[in-house]
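Enquirer: Need coordinates for the following:
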Amino acid sequence: MRRRMACWAMALLAPAAASGAYTWWVDQYLGTYNTYYWYATGYWNFTGTIFTSSHPDGATLLPPINVPITSDTAYEVSTQLFISASGGGFIHYVRSNSHEGSYTVALKDITKNGSACQANLVASRVLLGSVTELGRVDGVACRDWVEMRTVVTPNHLLYVYLDSTLYGPLDLAAHIPFFPTGGLAIGVKSAPIGNGIYRARLGPKDMVAPNAIPASSVISQPWQGSIDLAWQGSTDDANGRGFLDYEVYRNGSYMATLKEPGFTDQTVAAGTQYTYTIVARDQHLNTTSVQHIATALANATVNPRKVGLRPLGTYWGAAGENIDMGSGNLNYTVGVLGAKSRGIAARLALSYNSQ
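Expert: Numbers count the residues shown, from 1 in each chain. Predicted structure coming up:
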């Protein structure tokens, strides 16, 4: 059921849900160097507000041994970024191995012009000093205080959030050689004055699916040329990172991604039965799903919500009366009286609209 993607990027509308009772391993503001939580390498600087590095080789913060990274190395890395000027780059290191390499997610080539900000998002594999680009999205939107999040799943998929926009998945196992395990770190390089990492959080991947959608709550209503679906909304589990969205599939094929629990299929054939699968996803990409069968009407039944003149409709009327052939709604105006005096004209007309 997973949708295959032609490219790495997939921008989705994701609600900025609260974290709830999710527990971080590390949650630190980075104005000062806290050696209990971090080990700094490279050309680093703590300014009292941010962790930064103006050097092209950059600086890295690694969590110490007291961070309980699990053996399957599925986790989230989150950084909140100060971006006050163009230039520099921010990096998340995942599945990092000191003797082999790591995967990196970099927000780089930053261009800032007033409130406008864009950058390139690049995922790479670093192996013995050699860098291989695995995927990229150019021209992503950024901002001062943007939150950059990288999520790695047990089945080796990598997702990235910039604020509420999701990019991914990138299948790490599809690129050989492959790192099945490894640690994590954050970094910054070539940063202009004012750019840096304000806050960093490291935590486990939530493994619990969102709350199930009751099958009895899914309802459908067929109309002429469409089927409406609605269902009871889902929520994330109490210890999760928050609810993300719904995906709708028809007969196994992807149809739409939605924030709200409702969907209209406008590509149905008369008299045809369809099986819809509704997938609820949380922000760590756990899922729960429910199926519903609906049949498009063989005979035309007008959707009563289709009112007024519609820009793509078919209309009929020889005397100016606009009759919508889809809904039967009539909109008609006829002039009754006209008057003109000293250059001022007035017209009286009667209008009728059946809606």
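
Enquirer: Check which residues of stretch 31-45 are buried.
Expert: Of the residues in stretch 31-45, those buried under the neighbour-count criterion (16 or more other CB atoms under 10 Å) are 37-38, 40, 43-45. (Glycine included, C-beta is placed from N, CA and C.)

Enquirer: correction: stretch 219-226
Expert: In stretch 219-226, the ones that count as buried by 16+ other CB under 10 Å are 220, 222-226.

Enquirer: Same check on stretch 147-161?
Expert: Taking 16+ other CB under 10 Å as the neighbour-count basis, stretch 147-161 is seen to contain the buried residues 147-153, 156-161.

Enquirer: Can you name the two of those that sit furthest apart?
Expert: Glu147 and His156 (23.7 Å; CB to CB).

Enquirer: ok, Leu127 touching Phe178?
Expert: No - counting by CB atoms under 8 Å, no contact exists between Leu127 and Phe178, whose distance comes to 10.3 Å.

Enquirer: picking up where we left off before, out of the buried residues of stretch 147-161, which comes closest to Val137?
Expert: Relative to Val137, the closest of the buried residues of stretch 147-161 is Val160; by CB to CB it sits at 8.7 Å.

Enquirer: what residues are up against that closest one?
Expert: 105, 121, 123, 148-151, 166-168 (CB atoms under 8 Å, 6 or more residues apart in numbering).

Enquirer: what's the burial count for Leu107?
Expert: The number of residues packed near Leu107 is 24, by other CB atoms under 10 Å.

Enquirer: Now intersect the contacts of Val160 with the strands, please.
Expert: Here DSSP state E is the test, and these give 105, 121, 123, 148-151, 166-168 as lying in strands.

Enquirer: check contacts around Leu162.
Expert: By CB under 8 Å, 6+ apart, the contact set of Leu162 is 107, 121, 140-142, 146-149.

Enquirer: about what we covered before: among the contacts of Val160, find the lowest-pLDDT one for me.
Expert: Across the contacts of Val160, the member with the lowest pLDDT is Gly168, scoring 93.

Enquirer: And that one, how far from Gly262?
Expert: Applying CB to CB, to the nearest Å, the value for Gly168 to Gly262 is 25 Å.

Enquirer: can you check Tyr75 too?
Expert: Shown here: Tyr75 relative to Gly262, a distance of 34 Å by CB to CB.

Enquirer: These two: which has the busier surroundings?
Expert: Relative neighbour count places Tyr75 above the other of Tyr75 and Gly262, with 22 against 13, counting by other CB under 10 Å.

Enquirer: correct me, but the more buried one touches Pro204?
Expert: Yes - assessed by CB under 8 Å, Tyr75 is found in contact with Pro204 at 5.7 Å.

Enquirer: dump the residue contacts of Trp145.
Expert: Shown in contact with Trp145 (CB under 8 Å, 6+ apart): 80-83, 198.

Enquirer: Was I right to think Lys123 contacts Leu134?
Expert: Slight slip there: residue 123 is Ala, not Lys. Yes - contact between Ala123 and Leu134 holds when scored by CB under 8 Å: they sit 4.8 Å apart.

Enquirer: if you count what's nearby, which of these two comes out ahead?
Expert: Under the criterion of other CB under 10 Å, the comparison of Ala123 against Leu134 puts Ala123 first, with 24 against 19.

Enquirer: Tell me which residues touch the more buried one, please.
Expert: The neighbourhood of Ala123, defined by CB under 8 Å, 6+ apart, consists of 8, 103-106, 133-136, 158, 160, 170.

Enquirer: Closest one of those to Ala212?
Expert: In terms of CB to CB, no member of those lies closer to Ala212 than Leu158, at 26.8 Å.

Enquirer: and the gap between that closest one and His284?
Expert: 12 Å.

Enquirer: Now the common contact residues for those two.
Expert: By CB under 8 Å, 6+ apart, the residues touching both Leu158 and His284 are Val151.
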